[in-house]
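K.L.:
need a 3D model of the following:
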Amino acid sequence: MSEHTGRAAAGNGRAMVPPGPAVHTGRRQRRPTGAPPPLPHPVTITTTAWLVLMAMALAGAFLAAQHTPWLRIDDQASTWALLQLARIRTPWLTDVANGINEAGSGWGATAVGLSVVALLMVFRRWRHLLVFLGSLLFLEIAGKSIYFGLSRPRPYGVPIIGRWAGYSGVSPPVAVATIFLMGAVYCLAVPGRVRSYAKAAVAAVVAVFGLARLYLGVDHPGDVLLGVAFAVAIAVTAFRFFTPNEVFPVAYRRGRTAHVDVTGRRGEAIREAVRDQLGLTVTEIKPVGLESSAGSTPLRLRVEGAPDEFLFAKLYTKGHVRADRWYKLWRTILYGSLEDESSFKTVRRLVTYEDYALRLLQDIGVRTARPYGIVEITPEREYMLVTEFHAGAVEIGEADVDDAVIDQGLLLIRMMWDAGIAHRDIKPGNLMVRSGELLLIDVAFVQVRPSPWRQAVDLGNMMLVLAVRSDPQQVYQRALTYFTEDELAEAFAATRGVASPTQLRAFMKRDPRDLLGEFRALAPARPPIVLQRWSIKRVALAAAMLAVITAAVLETGDAFFPAARNLGVYAPACGTGHSTILSAQAVPSAALLPCVAALPSGWSIGGADISSGKASFWLDSDRAGSRAITATLTAACDTTGAQEIPSDQPGARRFEHPLSLAPQFASLRFYTFPGGCVTYRFSFTPGASPVLGDAAGSALGFQPRPTLVDFVRRTEDLALCGRGAVCPG
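P.N.:
From the prediction side, this is the model:
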């Protein structure tokens with residue numbers, strides 16, 4: 001011991017108390033190779049089932065997406081099912097179905113999605129919120145790939161009487177509504193009977209929504225099934241993996257909720273594991289001190305043969321390690337690397353390190369709990385550290401603190417300084433008092449050879465904890481026995497803000513005295529030590545996090561407003577492709593359909609939107625600018641003010657309506673034909689030559705509808721409903 005330590009210990013007349021007595025143990029049993037652990041990792045059947053269903057639905061959808069016999073079978077089966085629903089169409093039922101479709105595809109989905117986000121913010125369930133938004137982001141990214149990969153037209157052989165937009169594959173409205181509802185279940189419903197009822201209600205709502213869209217003929221049955229399976233699989237997997245109920249339960253009670261349930265199957269597994277691995281018989285398991293513990297589940301075990309019948313245990317799970325990892329990442333972004341904010345990679349490493357820290361502190365004479373061993377509950381997922389239980393001890397925040405207790409606290413810090421150790425979590429909840437003896441607990445964050453700043457923070461926090469139950473002047477005078485004035489000044493220059501644990505800051509806030517201010521007034525003046533630590537790692541992490549959040553907001557923001565959203569489609573190329581067929585379904589009466597024929601040099605396809613009643617696509621030019629030419633198909637158009645000129649398209653009349661020649665060329669061109677009208681809108685950048693508009697003659701063409709009708713009849717043996725193909729229903 002140093003000169004300070006030796007003098008203080010002698011002056012106090014109290015030596016550090018040795019660890020508690022040993023516990024009588026029985027015969028231990030080694031688990032044979034191949035034998036299951038006390039609590040095997042459960043295989044969640046429902047999660048696996050949804051993932052398998054999603055995989056099967058995706059495989060089937062892509063298998064049938066090509067013009068193969070499978071596509072013919074799938075389309076005919078879909079048409080048969082939709083025809084059964086079409087036979088029961090009535091005006092009032094159609095109105096109801098349209099109302100359900102409008103709600104599920106528009107304002108209803110918006111209300112549910114935004115309500116989930118708002119309620120999660122109100123209840124401060126930030127992890128659930130991140131998982132919810134992450135699930136939505138994954139649905140958006142993966143869903144778009146599937147959506148464009150399938151590029152499936154709307155159903156054949158049955159009139160479509162509802163509103164729709166884009167391709168039918170994966171049914172985006174059903175998928176988005178489902179994931180919003182699943183988010184509400186896993187973020188807001190309490191696990192158990194309430195959540196089961198909520199799931200049943202969601203299943204009923206999704207079923208009604210899906211049936212309404214099938215009744216209206218806007219989706220294939222397989223599209224609805226794929227959308228539901230995809231959304232449910234994403235939500236169930238994400239919430240069960242990142243927010244397991246045993247670690248992040250949904251609860252509406254005060255206090256911390258990040259604790260594991262130790263009743264039922266887990267309780268029996270704990271008893272079995274302790275008996276086999278430590279040779280101890282546990283008769284009772286009771287959670288204790290939950291209010292001051294967030295990184296583990298603290299337990300009191302009643303054990304046969306133990307002093308006072310009790311032992312203490314800390315149960316760690318993989319979820320605790322994940323939470324610790326995210327917590328320290330966030331602290332690194334907020335404050336920089338505080339030199340020791342390294343997370344544990346595995347739960348086994350965490351519990352092993354705490355066992356090592358307990359033995360290390362005992363070696364230097366610090367009175368802490370005696371460790372009895374590590375118990376494996378589930379390999380690589382759950383471990384429990386069993387230690388001595390300080391029976392009759394109370395937290396220092398509830399104890400009488402006299403000079404003897406103050407001396408023990410200060411001597412404890414001095415001994416750790418001399419041994420090159422920092423506790424890193426000095427707070428009322430980690431200091432116990434029993435019969436005038438100070439006991440240190442929770443050593444999971446102990447660090448060997450810490451930075452001087454971290455050691456100074458330990459001293460400052462210890463003095464603040466002692467002052468909460470005594471007087472700053474008294475604590476300071478006793479501290480001069482163990483530390484120099486310069487060391488005390490350093491401690492209170494370093495101890496500020498987040499350097500103190502949350503519980504200690506709460507105690508100080510409730511205390512009417514300015515404890516930190518009084519200590520600083522007593523100590524020699526010293527400039528505050530800056531907490532912020534700037535580094536390349538911190539800047540990179542902050543930039544990456546900002547980029548991810550921005551991308552997520554931009555990507556998922558539109559999903560909350562599906563009524564004003566259209567995923568788009570591939571531009572229809574002249575021929576019998578899916579987009580051209582979808583254009584024919586958008587305007588069933590049109591005899592001709594606009595399409596992209598051959599793009600001249602310097603022109604490219606900008607995008608396309610196809611929905612019920614309208615189909616449009618636009619071309620970009622390296623000289624005329626973006627959206628230089630937009631072609632729009634509708635059932636009719638207003639040609640007022642336009643002049644008819646000879647048409648270059650057989651079967652269509654052509655009208656021209658110049659709007660502006662300089663400085664920016666703008667014009668309208670109309671092609672009218674039986675059952676439809678195509679509008680070309682020219683809008684060039686200022687200075688671009690109107691001659692560039694001649695590209696429309698070669699770039700754009702028309703596909704006769706009879707060609708598409710014959711193609712669908714020949715390949716699918718079904719009708720492309722509309723002009724030239726009358727459908728029942």
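
K.L.:
so what's the residue nearest the centre of the chain up against?
P.N.:
Geometric centre of the chain, nearest residue: Val131, 1.5 Å, by CA atoms, centre = their mean. By CB atoms under 8 Å, 6 or more residues apart in numbering, the contact set of Val131 is Ala238, Phe239, Phe242, Thr243. (C-beta placed from N, C-alpha, C; glycine too.)

K.L.:
give the next helix or strand downstream of the strand or helix carrying Ile406.
P.N.:
Here Ile406 sits within helix 403-419, counting by DSSP states H and E. Counting by DSSP H and E, the element after helix 403-419 in chain order, helix or strand, is strand 421-422.

K.L.:
for the host helix or strand of Val274, packing partners?
P.N.:
For Val274, the element it lies in under DSSP H and E is helix 264-278. The criterion is 3 or more CB pairs under 8 Å, 6 or more residues apart in numbering; DSSP states H and E, and the helices and strands that helix 264-278 contacts are strand 282-287, strand 297-303, strand 371-378, strand 382-388.

K.L.:
between these, which gets nearest to Arg434?
P.N.:
Shortest distance between Arg434 and the helices and strands packed on helix 264-278, using CB to CB, is found for strand 382-388: 11.6 Å.

K.L.:
contacts for that closest one, please.
P.N.:
Residues outside strand 382-388 that contact it (CB under 8 Å, 6+ apart) are 19-20, 39, 260, 270, 273-274, 278, 280, 299, 301, 307, 311-318, 347-348, 350-351, 354-355, 358, 369-377.

K.L.:
quick one, that strand and strand 282-287 angle?
P.N.:
Computed by axes from the mean of the first three to the mean of the last three CA atoms, to 10 degrees, the angle separating strand 382-388 from strand 282-287 equals 100 degrees.

K.L.:
okay, now the sheet partners of strand 382-388, with direction.
P.N.:
Strand 382-388 pairs in its sheet with strand 310-317 (antiparallel), strand 371-378 (antiparallel), by DSSP bridges.

K.L.:
average pLDDT for the first one?
P.N.:
Averaged across strand 310-317, the pLDDT comes to 90.

K.L.:
isn't there a strand covering Met432?
P.N.:
Yes. Assessed with DSSP: H, G, I helix; E, B strand; the rest coil, Met432 lies in a strand.

K.L.:
might one say that it is in contact with Leu439?
P.N.:
Yes. Met432 lies in contact with Leu439 (CB atoms under 8 Å); the separation is 4.2 Å.

K.L.:
between those two, what contacts are shared?
P.N.:
His390, Ala393.

K.L.:
one step back: let me know the angle separating the helix holding Val274 from strand 297-303.
P.N.:
Computed by the same axes, to 10 degrees, the angle separating helix 264-278 from strand 297-303 equals 60 degrees.

K.L.:
which residues sit against helix 264-278?
P.N.:
For helix 264-278, the external contacting residues (CB under 8 Å, 6+ apart) are 25-26, 28-31, 37-39, 246, 260, 262, 280-282, 285, 299, 301, 303, 313, 315, 372-373, 375-378, 384, 386.

K.L.:
ok, of the residues you listed, which come out buried?
P.N.:
Buried members of those, counted by 16 or more other CB atoms under 10 Å: 25, 37-39, 246, 260, 262, 280-282, 285, 299, 301, 303, 313, 315, 372-373, 375-378, 384, 386.

K.L.:
thanks again, I'm all set now.
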